[in-house]
Structure formats: structure tokens, C-alpha cells
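Trainee: structural data only, the sequence is not supplied:
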């Protein structure tokens, strides 16, 4: 890495710039370089839309595509998810009725319970064959609950209010909101380590 990598990246940037100046569409560069895989790769920090990248070149061209071509299909977080009004749907929106129908179906669904039998183990004590095991067969019940419509609406309301879902370190309430790069508790005013 170091100077050689920096020099190669500089030359690559100049080549892309010259290509754009001479009429090569940005779409062509995006299609050619997105999903390029090499090290370093992995999670991306400090970017609202792009959370993972397969290489530095992949990240650069994803960012260019999202910013200048409105190619939100290449971002892991969609543009509408970043807006504060993303929770509220327009009454005239045709997708709204489908979503409400799904929420109603979800609210009507019941708790699903499965009974899984456990094999009776006639093992010998400590597993080395030198004891008498007293194992008991039990039936295990696994319960999966679905969210009610009220719980879903409460979660949406909390997101609209800006709550992050983290507990306050002081009062333990889940009323932490973003305050710059830190979190601030709406209930008691404590912060997450910032002044």
C-alpha cells in the first residue's frame, strides 16, 4: 500500500476524469467497476447509504452512481429510508392499501406453538460408561409471536420521533435520539459520551 497504491489511485482517477471529459458516460464506468472485488473490502463507515463494499473501486463507483445517477439499487439503504417522513404514506399511494392489508393480516395472526419431542437418553452417567444416568425426556415448546398492529404502529411512531432504539445509560429509557454524532436521552438529557 502506501505511495504505490496512492499513485495508482491518482492515475486511475485521472483516467476516469479524462474519459468523462471526452464523452464516456458515467453509466459505462459504473457498470464496469461496480462489484469489483479485491482487498480491502467489507463494512463502510460514515456513509448513510452504502454500508458494504467489495473494494475501494466498488465503493467509489457506487457512491458516484447513487449521487449522480440516482441508482439507489446499488445502495444498501434506500433514499426514502433516510427521509424523516419515510414512515408516513400518502393516502393516495396505491402501495399503502397493500401495506395496510399486510399489517391487518399480521395483526390477526396468532401465536404459533410447536411441540418438539426430545429423545430419551439412556446414557451412562458422565459419558464414559461408568455410572447410571437418570435422564428425563421432556417436551420442549417453541413459541413464535407475531407483532400486533399496535406494536407495529408504535415502532413506526418511535422511528418518526427519531428514537434510535438504544437504552439511556442513566435512566435506562429507550428514548435516545441522534444529536450530531452522539445520542441524547429525551427523558433525562444524558448523552452517550459526548458533551
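Mentor: The structure has been received and is ready for your questions. Since we're looking at a predicted model, the values are computed, not measured.
Trainee: touching, residue 191 and residue 181? I think so.
Mentor: No: contact between residue 191 and residue 181 fails when scored by CB atoms under 8 Å: they sit 10.7 Å apart. Glycine gets a C-beta too; all of them are placed from N, C-alpha and C.
Trainee: more neighbours, these two?
Mentor: residue 191 (16 against 8; other CB atoms under 10 Å).
Trainee: how near is that one to residue 12?
Mentor: 42 Å (CB to CB, to the nearest Å).
Trainee: next: residue 41.
Mentor: 17 Å.
Trainee: same question, residue 37
Mentor: 16 Å.
Trainee: lowest-pLDDT helix or strand in this protein?
Mentor: Lowest by mean pLDDT, DSSP states H and E among the helices and strands of the chain is helix 94-108, with a mean of 50.
Trainee: which SS state does residue 36 fall under?
Mentor: Under DSSP: H, G, I helix; E, B strand; the rest coil, the three-state class of residue 36 is coil.
Trainee: likewise residue 183?
Mentor: Three-state assignment for residue 183 (three-state DSSP): strand.
Trainee: and it, what is it in contact with?
Mentor: Shown in contact with residue 183 (CB atoms under 8 Å, 6 or more residues apart in numbering): 164, 166, 176-177, 191-192.
Trainee: now intersect these with the strands, please.
Mentor: 176-177 (DSSP state E).
Trainee: quick one: which of the contacts of residue 183 is the most crowded by neighbours?
Mentor: Most surrounded of the contacts of residue 183: other CB under 10 Å gives residue 176, at 23 neighbours.
Trainee: please list the outside residues in contact with the longest helix seen in the chain.
Mentor: In the chain, taking DSSP state H as the definition, the longest helix is helix 3-21. Residues outside helix 3-21 that contact it (CB under 8 Å, 6+ apart) are 26, 29, 56-57.
Trainee: JSON lines for those residues, including distance to residue 150?
Mentor: Converted to JSON lines, the contacts of helix 3-21 look like this (distance: CB to CB, whole Å):
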{"residue": "26", "distance to residue 150": "47"}
{"residue": "29", "distance to residue 150": "49"}
{"residue": "56", "distance to residue 150": "46"}
{"residue": "57", "distance to residue 150": "47"}
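Trainee: among those, which are in strands?
Mentor: Checking these against strands, none of them qualifies (DSSP E).
Trainee: among those residues, give me the pair with the biggest separation.
Mentor: With distances taken as CB to CB, the most widely separated pair in the contacts of helix 3-21 is 26 and 56, at 17.8 Å.
Trainee: ok, the residue nearest to residue 37 when sequence neighbours are not counted - how many residues close by?
Mentor: Among residues not flanking residue 37 along the chain, residue 54 sits closest, at 4.3 Å (CB to CB, 6 or more residues apart in numbering). The number of residues packed near residue 54 is 16, by other CB under 10 Å.
Trainee: surely residue 54 and residue 40 touch.
Mentor: No: contact criterion CB under 8 Å: residue 54 and residue 40 do not qualify, at 10.1 Å.
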